[in-house]
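Engineer: Please work out how this folds:
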Amino acid sequence: MKKIALHTHLDGSLDQALAAEIAGYDVSQEMIGHGSDSLADYLSKFAAPIGLLQSWQSLRDAAYRLALALAADSVIYAEVRFCPLYHTRQGLYPYQVIQAVLEGLRAVPELKSNLILCMMRDFPRAKNEQIISLAQEALDRGVCGIDLAGDEAAHPNCEFEELFALAKQRGIPFTIHAGEADSYQGINDAICFGAQRIGHGVRSAGSNYTMKRLIAKQIPLEICVTSNFDTHLYRSPEEHPVKRLLDIGIPVVIDVDNRTVSNITLEQEYEMLMQRYGFTEEDLLRCNLTAALSAFLDPAEKVALCQELLQDFAKNHS
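Structural biologist: Just a heads-up that it's a prediction; the model follows:
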């Protein structure tokens, strides 16, 4: 099945073989997050890949390997997210970081892609304003929006209202990590800020009010089930609300979050959803159509993606 990936982190998806080439030794155990006991522990697995991705060549190669992996996973459009300010330790300017990643992604022509730039919860305000400015400068030239990532429990969304007001004023689309480590209140805040999508958002299942708002406004949740288990949001498969959220009418987008840290492909995630939660191929098509319609693209590009998804589905079910 052709797929769309809207919630993929560059640093959390660093190819293991490339990481070993850059580091000079096998760093896989430093990057894989199975066995994490919390979101904060899971996020610690990003330190190694970020440390390795500090040159133009390493960033370009990482993006290229990720694009190859996504294309091999039958992904036809991806929005890859990362924080460019994390990759300036060896003298690169942020715009050079962005261009290196774009060059790597664009070297795989069968994959259409854009970047989402991440503000970070533990950054001072000036750094996050810099992310907004970088996104504005490169908007529609490879960058399609911004995000807010990091330890949600330590820095809840309510602290960032003014930053998203600034992004909205500048016409920059945004998604926000919410309702992952924090409660459904973080989702309510993201909705109030004007988020077009919600990263994760699974804690919405704890509030009828929040779920009704998501349905009424048709705001998609970017749900990454395996990642949610890796961060210990849920202890057993029965606890996860992904199928319930889809069935009650909340728009759902399926992704894997971090291909390397969670050690999974999108195809494997689909197979798990079918086996464990009773997803049908029609359900997964519906999630992909939702992804196409909620991508940070112009309307004509969204329609083209929908047509490609529908034609592929019809061909494989004729």
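
Engineer: could you point out which element follows the helix or strand bottoming out on mean pLDDT in the chain?
Structural biologist: Using mean pLDDT, DSSP states H and E, the weakest-scoring helix or strand in the chain turns out to be helix 39-43, at a mean of 81. Of the helices and strands lying after helix 39-43 in sequence (DSSP states H and E), the nearest is helix 47-52.

Engineer: Output that next one in PDB with nothing but the alpha carbons.
Structural biologist: Only the C-alpha atoms of helix 47-52 are listed here, as PDB (Å, rounded to 0.1, in the frame of the first residue of the first chain):
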ATOM      1  CA  ALA A  47      21.800  12.400  22.100                       C
ATOM      2  CA  ALA A  48      23.900  10.000  20.000                       C
ATOM      3  CA  PRO A  49      22.400  10.700  16.600                       C
ATOM      4  CA  ILE A  50      22.400  14.400  17.200                       C
ATOM      5  CA  GLY A  51      26.100  14.300  18.200                       C
ATOM      6  CA  LEU A  52      26.900  12.400  15.000                       C
END
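
Engineer: can you give me how far that helix is from the chain middle?
Structural biologist: In terms of C-alpha atoms, centre = their mean, to the nearest Å, the centre of helix 47-52 is set 18 Å apart from its chain centre.

Engineer: Could you list the buried residues of that helix?
Structural biologist: 48, 49, 50, 51, 52 (16 or more other C-beta atoms under 10 Å). C-beta here means a position set from N, CA and C on the backbone, and glycine is covered the same way.

Engineer: ok, the second one touching residue 33?
Structural biologist: Right, residue 49. No - counting by C-beta atoms under 8 Å, residue 49 sits too far from residue 33 to count as a contact (11.5 Å).

Engineer: Going by residue numbers, what spans are strands in the stretch 101-250 of the chain?
Structural biologist: For the stretch 101-250 of the chain, the strands defined by DSSP state E, counting those that start in this stretch cover 112-120, 143-149, 175-178, 197-200, 221-223.

Engineer: State the mean pLDDT of the shortest one.
Structural biologist: Along strand 221-223, the predicted confidence averages to a pLDDT of 98.

Engineer: For it, enumerate the helices and strands it packs against.
Structural biologist: Applying 3 or more C-beta pairs under 8 Å, 6 or more residues apart in numbering; DSSP states H and E, one finds that strand 221-223 contacts strand 197-200, helix 242-247, strand 252-254.

Engineer: could I get the ones you listed as JSON lines with mean pLDDT?
Structural biologist: JSON lines is the format used below for the helices and strands packed on strand 221-223 (pLDDT from 0 to 100):
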{"stretch": "strand 197-200", "mean pLDDT": "98"}
{"stretch": "helix 242-247", "mean pLDDT": "98"}
{"stretch": "strand 252-254", "mean pLDDT": "98"}
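
Engineer: Out of the ones you listed, flag the one nearest residue 77.
Structural biologist: strand 252-254 (11.8 Å; C-beta to C-beta).

Engineer: What is the subsequent helix or strand relative to the closest one?
Structural biologist: Next helix or strand after strand 252-254 toward the C-terminus (DSSP H and E): helix 266-277.

Engineer: right, and the helix or strand after that next one?
Structural biologist: helix 281-294.
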